[in-house]
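A.B. asks: Sequence and predicted structure, then a few things I'm wondering about:
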Number of protein chains: 2
Amino acid sequence: MKNSADQAADGPRACFIAAGLEVLGERWALLALREMSLGVHRFDQIARNTGASRDILVGRLRTLESHGVIERVQYSERPPRYEYHLTTSGAEVAPILISLAAWSSTWMRDETPRASYRHSCGADLKPVVSCAECGDEFTPGSLMFGPLVSAAGTDSASEQ
Amino acid sequence: MKNSADQAADGPRACFIAAGLEVLGERWALLALREMSLGVHRFDQIARNTGASRDILVGRLRTLESHGVIERVQYSERPPRYEYHLTTSGAEVAPILISLAAWSSTWMRDETPRASYRHSCGADLKPVVSCAECGDEFTPGSLMFGPLVSAAGTDSASEQ
DNA sequence: CGAGTTAGTTGGAAAATCCAACTAACTCGG
DNA sequence: CCGAGTTAGTTGGATTTTCCAACTAACTCG
């Protein structure tokens, strides 16, 4: 029997991690979303706080918008000006930012002082990721392949 | 009073999200880690399964190694050949991959069939992220800035 | 010996990013 | 009304990163 983790005599793995990275994995995308998560919505401020060059940032914001992750909200008529806000989809990027921040603050502690994060209860960021179904914590290694899925829902008999 | 989320009259925000992205945010890095998480450890296979070009992949693996995220394990003497394995730090990237996969499988469902993921209990991937301290679930918006931190530990009186 | 495997390396083309300066369309103080 | 300031971009050209296909090295196996 073929172990599904080996795969790919064909092409690269088409999986949801790869798909997510196509949208969120481009440079500056997650940092722009971080800003909006923290309540910063204006172009200039996002550019300043992320360090992205303005031309690239325009591109990213347009891509994120076209994928429905953020939306432009007009806040001035004359001249027409827009703010960038998270959609529901964008707000749900938070767990990714949280895990990233948590990993980083555990493993990337060098001399440079950096802003840390915390939960709204006041505690230091220590997220626990658990399975909604069985309630057990996700341990490294408890991530496994499921079936192939497309628009319709659970689809196609995985592989034979 | 100055809202800490506005920040940056100075430079870009130095935070742990940005720091983490410096290591994990480069192209192919997370996909390479995905492979190792799933038990694929050989160069050729990682290259094939991710789709990364071999030269770039070599660079990424070296970077990840130099940051202690992965390590090379010799599996052949003659010729000397190495496998790539996750370190503890690397294994703890799993929550990031999990949140990414979960976000993506919720929001990126188009026609293309993709491999989904599941928890080892067999259930579809539905991770819940909660605060280790208070136990409450992280909701979008419950991520906030904490103090500045450097190597020593909790450090510097944030800002004045 | 010749074919196959594995992990790279190489050179040159293509794409993405950076940067500083510039534009457009306004507001506001004097 | 004029000149300075604000905001959100756009532009052109340099720099960096990535891609790609082919090539090498050091073996093993039949």
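C.D. replies: In hand now; what should we look at? Numbers count the residues shown, from 1 in each chain, chains lettered A, B, ... in the order given.
A.B. asks: Does stretch A:106-124 reach chain B?
C.D. replies: Yes: against chain B, stretch A:106-124 shows contacts by Cβ under 8 Å from any Cβ of the partner chain at A:106-121, A:123-124. (Glycine included, C-beta is placed from N, CA and C.)
A.B. asks: nope, stretch A:82-90 is what I meant
C.D. replies: Yes: judged by Cβ under 8 Å from any Cβ, stretch A:82-90 comes into contact with chain B at A:86, A:89.
A.B. asks: Could you list the buried residues of that stretch?
C.D. replies: Across stretch A:82-90, burial judged by 16 or more other Cβ atoms under 10 Å in any protein chain shown covers A:82-84, A:86, A:89-90.
A.B. asks: Torsion angles phi and psi at the most centrally placed residue in chain A?
C.D. replies: Nearest to the mean C-alpha position of chain A, counting by Cα atoms, centre = their mean, stands residue A:93 at 4.4 Å. Main-chain torsions, residue A:93, degrees, to the nearest 10: phi -80, psi -20.
A.B. asks: Next: residue A:28.
C.D. replies: The phi/psi pair for residue A:28 (degrees, to the nearest 10) is phi 80, psi -20.
A.B. asks: Could you work out the most separated pair of the buried residues of stretch A:82-90?
C.D. replies: A:82 and A:89 (18.3 Å; Cβ to Cβ).
A.B. asks: Any regions of chain A where pLDDT drops low?
C.D. replies: A:1-9, A:153-160 (pLDDT under 70).
A.B. asks: any chance you could map the helices in chain A?
C.D. replies: A:16-24, A:29-37, A:43-50, A:54-66, A:88-91, A:94-107 (DSSP state H).
A.B. asks: The third one versus helix A:54-66: what angle between them?
C.D. replies: This points to helix A:43-50. 110 degrees (axes from the mean of the first three to the mean of the last three Cα atoms, to 10 degrees).
A.B. asks: Is helix A:43-50 positioned near DNA strand C?
C.D. replies: No: using Cβ under 7 Å from any atom of the strand, helix A:43-50 never reaches DNA strand C; the gap is at least 9.3 Å.
A.B. asks: May I see the buried residues of that helix?
C.D. replies: A:43, A:45-50.
A.B. asks: Show the end-to-end separation of stretch A:74-89, please.
C.D. replies: Terminal residues of stretch A:74-89 lie 20 Å apart, using Cα to Cα, to the nearest Å.
A.B. asks: returning to that earlier point: take the helices of chain A and write them to a markdown table, including distance to residue A:136.
C.D. replies: Below are these laid out as a markdown table (distance: least, Cβ to Cβ, whole Å):
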| stretch | distance to residue A:136 |
| --- | --- |
| helix A:16-24 | 21 |
| helix A:29-37 | 28 |
| helix A:43-50 | 36 |
| helix A:54-66 | 33 |
| helix A:88-91 | 26 |
| helix A:94-107 | 17 |
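A.B. asks: Among these, single out whichever gets nearest to residue A:75.
C.D. replies: When these are compared by Cβ to Cβ, helix A:43-50 sits nearest residue A:75, at 11.2 Å.
A.B. asks: helices and strands around that closest one, which ones?
C.D. replies: Under the contact definition 3 or more Cβ pairs under 8 Å, 6 or more residues apart in numbering or on different chains; DSSP states H and E, helix A:43-50 sits against helix A:29-37, helix A:54-66.
A.B. asks: Can you tell me which of these is most buried?
C.D. replies: Counting by mean count of other Cβ atoms under 10 Å in any protein chain shown, helix A:29-37 has the highest mean neighbour count of the helices and strands packed on helix A:43-50, with a mean of 24.
A.B. asks: And that one, how far out from the chain middle?
C.D. replies: Centroid displacement of helix A:29-37 relative to its chain, using Cα atoms, centre = their mean, to the nearest Å, is 9 Å.
A.B. asks: does any part of it sit near chain B?
C.D. replies: Yes: contact of helix A:29-37 with chain B (Cβ under 8 Å from any Cβ) involves A:30-31, A:34, A:37.
A.B. asks: what is the orientation angle of that helix with helix A:94-107?
C.D. replies: Using the same axes, to 10 degrees: helix A:29-37 against helix A:94-107 is 110 degrees.
A.B. asks: follow-up on the earlier one: reformat the helices of chain A as JSON lines; add distance to DNA strand D.
C.D. replies: Conversion of the helices of chain A to JSON lines gives the following (distance: least, Cβ to the nearest atom of the strand, whole Å):
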{"stretch": "helix A:16-24", "distance to DNA strand D": "11"}
{"stretch": "helix A:29-37", "distance to DNA strand D": "12"}
{"stretch": "helix A:43-50", "distance to DNA strand D": "4"}
{"stretch": "helix A:54-66", "distance to DNA strand D": "4"}
{"stretch": "helix A:88-91", "distance to DNA strand D": "16"}
{"stretch": "helix A:94-107", "distance to DNA strand D": "18"}
